[in-house]
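Visitor: okay, sequence plus prediction incoming.
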Amino acid sequence: LSYRFGWLSVDGVDAAVVEGPTLLAISLLTIPVAILLGAILLAVSAWARSLKEAQYYVLPVMLLVFVPALLSMNQSVELSSFIAILPVANVAFFMRDVLAQRFEWSMLVIVLGSTLAWIILLIRWVSQQLSREETLLGFDPEPFFAKTPSGRGRATNLGMALTILGYFYFGQWLQARDLVVGLALSLWLLLPGMSAGVVAMVRPRSRDWARIFSLRPAPSQAVFGAVLLGLGMLLPIAGGLQPLMGKLIPMPEAEAARMGGAFLQFSVLQVVLLTALSPALMEELVFRGVFLGLFREDGSAQRAVVLSALGFALIHLSIHRFAPTFVLGLLLGALVARHGSLLPAVVLHLVYNATLVLGAQYYMEHWAVTGPPLDFDGPIAWGLSTVLLWAGAWLCGLTGPLRPPPEPVS
């Protein structure tokens, strides 16, 4: 309106004027997405026991909502049928296309229908939260950082959210100044420093750090099995899950070129140290050591594995890499929960990362034109990967419950 009536103008620039149908479409989409977010916040307020506690929970909720909305700012990512059913992201993408005069009635129907379906599910969940006895009767809330299982759980959740945000903002700032030095500082100082702050905030009831953070030796067969798992996971993730995610949410060519160009700044030694060894040590210490250990202290091992894998996937802050890193995090967490030791997870992480980055570099230098001697999409490669995974899982004992072996009786 300001541009149309001349209240606002820019010299030498033609301003786009939003027409009536565009405004109508945006208005139709704004109302259901506002209801969707309102239902989420109402559920948070019903579950929290005080205003202060609810404010702590809003931070990770806004973080989760912010990531798919940000993705719509990339013009090279198109609105697909898969994105059209994702909450928040579907509305953000469709609004972007409407403003760019790319209006499709079929996509509008899918976006509205999926948003309404999410609203129905959320409202049913909110009604359950509001019908709880604790909500109806009310009770005096305990302090947010109380020395109770609930208080430690809240502190751990908040600490992981702050670690993800802090690593993103400060890590990006360090790496923008100098990629090699910034990446080293991010992994060796920033990430463990923030996790140490989380430990001080949570104040676990036990001081047996070796047991809580899984700083104990592991059986040699589990270490060897982790090597096999690291080799066996390469094809299912890089050749299966990653291409599948690429079809659902294609990675923009500019982002892929930027990631490839970043590796050109590294020597072979720097590639091994910064993209294989450092993440294997520091990320495992933080997510499978600190966070999995803190979650497991006051909850089940299965829940601890899932939550630590979620934080591990979110800290990479890439929707294109979320599913592969989450699946890898589940396997790494299962290893630690099974053996009570970080060593198998560090070995698996190191083997997987080193094989991935060095294999990609070798491929570009030797096989990019002639092609590899073995078809990576063929039955032989997938059969070999299956054998490696089965043998590694058997050696690591992943077929049993996720409980560490009992302590020896002295």
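Guide: Done, it's in. Numbering: from 1, shown residues only.
Visitor: can you give me the helices for the stretch 1-150 of the chain?
Guide: 20-47, 51-71, 89-99, 105-130, 133-137, 149-177 (DSSP state H, counting those that start in this stretch).
Visitor: check the stretch 301-410 of the chain too.
Guide: In the stretch 301-410 of the chain, the helices defined using DSSP H, counting those that start in this stretch lie at 301-314, 322-339, 343-362, 379-396.
Visitor: any weak-confidence spans in the stretch 201-350 of the chain?
Guide: Residue ranges of the stretch 201-350 of the chain with pLDDT under 70: 249-265.
Visitor: mean pLDDT added to the helices of the stretch 1-150 of the chain, as TSV?
Guide: Below are those laid out as TSV (pLDDT from 0 to 100):
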stretch	mean pLDDT
helix 20-47	84
helix 51-71	74
helix 89-99	86
helix 105-130	88
helix 133-137	72
helix 149-177	86
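Visitor: can you tell me which of the ones you listed is packed in deepest?
Guide: Each of the helices of the stretch 1-150 of the chain was scored by mean neighbour count; the highest is helix 89-99, a mean of 21, by mean count of other C-beta atoms under 10 Å. From N, CA and C alone the C-beta is placed, and that goes for glycine too.
Visitor: orientation of that one relative to helix 105-130 in degrees?
Guide: Interaxial angle of helix 89-99 relative to helix 105-130 (axes from the mean of the first three to the mean of the last three C-alpha atoms, to 10 degrees): 150 degrees.
Visitor: ok so, going back, can you put the helices of the stretch 1-150 of the chain in a markdown table and add distance to A301?
Guide: Converted to a markdown table, the helices of the stretch 1-150 of the chain look like this (distance: least, C-beta to C-beta, whole Å):
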| stretch | distance to A301 |
| --- | --- |
| helix 20-47 | 24 |
| helix 51-71 | 22 |
| helix 89-99 | 32 |
| helix 105-130 | 26 |
| helix 133-137 | 27 |
| helix 149-177 | 15 |
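Visitor: so which of these is nearest V198?
Guide: With C-beta to C-beta, the closest approach to V198 among these belongs to helix 149-177: 3.3 Å.
Visitor: and the closest one, what does it pack onto?
Guide: Contacting helix 149-177 under the criterion 3 or more C-beta pairs under 8 Å, 6 or more residues apart in numbering; DSSP states H and E are the following elements: helix 51-71, helix 179-185, helix 191-202, helix 292-297, helix 301-314.
Visitor: can you redo those as JSON lines with distance to L29?
Guide: JSON lines is the format used below for the helices and strands packed on helix 149-177 (distance: least, C-beta to C-beta, whole Å):
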{"stretch": "helix 51-71", "distance to L29": "13"}
{"stretch": "helix 179-185", "distance to L29": "39"}
{"stretch": "helix 191-202", "distance to L29": "37"}
{"stretch": "helix 292-297", "distance to L29": "37"}
{"stretch": "helix 301-314", "distance to L29": "26"}
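Visitor: nearest to L285, out of these?
Guide: Per C-beta to C-beta, nearest to L285 of those: helix 191-202, 6.5 Å.
Visitor: tell me what that closest one is packed against?
Guide: helix 149-177, helix 278-283, helix 292-297.
Visitor: buried stuff in that helix?
Guide: For helix 191-202, a neighbour-count test (16 or more other C-beta atoms under 10 Å) marks 191-192, 194-195, 198-199, 202 as buried.
Visitor: immediately after that helix, which helix or strand?
Guide: The helix or strand immediately downstream of helix 191-202 is helix 209-212, counting by DSSP states H and E.
Visitor: list the contacts of that next one.
Guide: For helix 209-212, contacts defined as C-beta atoms under 8 Å, 6 or more residues apart in numbering pick out 204, 206, 215-216, 293-294, 297, 340.
Visitor: how about a cut-off of 7 Å?
Guide: The contact list for helix 209-212 (C-beta atoms under 7 Å, 6 or more residues apart in numbering) reads 204, 206, 215-216, 293, 297.
Visitor: then stretch 90-110?
Guide: Stretch 90-110 has contacts (C-beta under 7 Å, 6+ apart) with 22, 25-26, 29, 33, 68-69, 72, 79, 81, 83-85, 111, 114-115.
Visitor: now for G397: which residues touch it?
Guide: By C-beta under 7 Å, 6+ apart, the neighbours of G397 are 222, 338.
Visitor: let's see that with 6 Å instead.
Guide: Applying C-beta atoms under 6 Å, 6 or more residues apart in numbering, we find G397 in contact with R338.
Visitor: start at 733 instead
Guide: Yes, from this point I'll number from 733; that puts the last item at G1129.
Visitor: now distance to F835 too, for the helices and strands packed on helix 923-934, in TSV please.
Guide: Converted to TSV, those look like this (distance: least, C-beta to C-beta, whole Å):
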stretch	distance to F835
helix 881-909	34
helix 1010-1015	44
helix 1024-1029	46
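Visitor: of these, which is nearest I855?
Guide: Closest of the helices and strands packed on helix 923-934 to I855 is helix 881-909, at 24.4 Å (criterion: C-beta to C-beta).
Visitor: what angle do helix 783-803 and that closest one make with each other?
Guide: Angle between the axes of helix 881-909 and helix 783-803 is 40 degrees (criterion: the same axes, to 10 degrees).
Visitor: next, the angle from helix 881-909 to helix 923-934.
Guide: Relative orientation of helix 881-909 versus helix 923-934 (the same axes, to 10 degrees): 160 degrees.
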